[in-house]
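Participant: Next one to model:
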Amino acid sequence: PVELITSTNFGPDYFSRPDIMLNHLEGLRGGTAVVTGPNAPGGIFNYISKTGKSDPGMQVQAKYGLEGDGKNPYYRIDGYAGGRIGDSDLYYAVGGFYRRSDGARNPGYPMNDGGQIRGNLLWKYDGGQLLLTAKYLDDHNGWFEFTPSFGGDDPHIAPGFSKTSSVL
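Facilitator: Numbering: from 1, shown residues only. Take a look at the predicted model:
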């Protein structure tokens, strides 16, 4: 596994990027799921991707809007295509997304920028099937550190800061 080196945050599921190619999600609870699942006490989640056999066709989805104080832009586009290759028992699926956003607070630069492309080839044969998958991830994300505050029993945001300001 690839892990981040951080001082205040740790995210073992940091490289999971659900997109339009997600077919469904399976949640497993109990038993060894509690012990063997990273960052998931009580459950393991399996992200099941679409294949050209299960979901033939094309799909495009776009999202845009504002975040945080209503001034921070958010743009995202997802795409998917899948189907059968000729008259064979070979199916393809390819999908991914691109996103650009400043985040909930304005750091002065795009906090989230990039995306991924992934695909699979499914070969159905008499005795079963073979599924080959690939993914290229080039998505840069940040997270906000805590907002400076004072007053342990009744905390208040420190002067000069607001609920939408950033220390980055």
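Participant: Pass me the low-pLDDT residue ranges in this structure, would you?
Facilitator: Scanning the chain for pLDDT under 70 picks out 1-15, 29-44.
Participant: try 80
Facilitator: Residue ranges of the chain with pLDDT under 80: 1-16, 27-45, 106, 142-145, 166-168.
Participant: can you give me the strands for it?
Facilitator: Along the chain, the stretches classed as strands by DSSP state E are 22-29, 43-49, 57-67, 72-84, 90-101, 112-125, 128-141, 149-150, 156-157.
Participant: May I see those strands organised as TSV, with mean neighbour count and distance to residue 164 added?
Facilitator: C-beta: built from backbone N, CA, C; applies to glycine. Formatted as TSV, those follow (neighbours: other C-beta atoms under 10 Å; distance: least, C-beta to C-beta, whole Å):
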stretch	mean neighbour count	distance to residue 164
strand 22-29	12	31
strand 43-49	14	31
strand 57-67	12	9
strand 72-84	17	8
strand 90-101	20	14
strand 112-125	17	16
strand 128-141	11	19
strand 149-150	10	14
strand 156-157	11	10
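Participant: so which of the ones you listed comes closest to residue 166?
Facilitator: Across the strands of the chain, residue 166 has its closest neighbour in strand 72-84 (10.2 Å, C-beta to C-beta).
Participant: Remind me what that closest one packs against, helices and strands.
Facilitator: Strand 72-84 sits against strand 57-67, strand 90-101, with contacts defined as 3 or more C-beta pairs under 8 Å, 6 or more residues apart in numbering; DSSP states H and E.
Participant: can you rerun that using 10 Å?
Facilitator: strand 57-67, strand 90-101, strand 112-125 (3 or more C-beta pairs under 10 Å, 6 or more residues apart in numbering; DSSP states H and E).
Participant: got the CA coordinates for the first one in CSV?
Facilitator: In other words, strand 57-67. Written as CSV, here are the backbone C-alpha positions of strand 57-67 (Å, rounded to 0.1, in the frame of the first residue of the first chain):
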residue,chain,number,x,y,z
GLY,A,57,-23.5,2.2,-23.4
MET,A,58,-22.2,5.7,-22.7
GLN,A,59,-22.8,8.2,-19.9
VAL,A,60,-21.6,11.7,-19.2
GLN,A,61,-22.3,13.7,-16.0
ALA,A,62,-21.2,17.3,-15.2
LYS,A,63,-21.4,19.1,-11.9
TYR,A,64,-20.7,22.7,-11.2
GLY,A,65,-21.4,25.1,-8.4
LEU,A,66,-20.1,27.1,-5.5
GLU,A,67,-18.7,25.9,-2.2
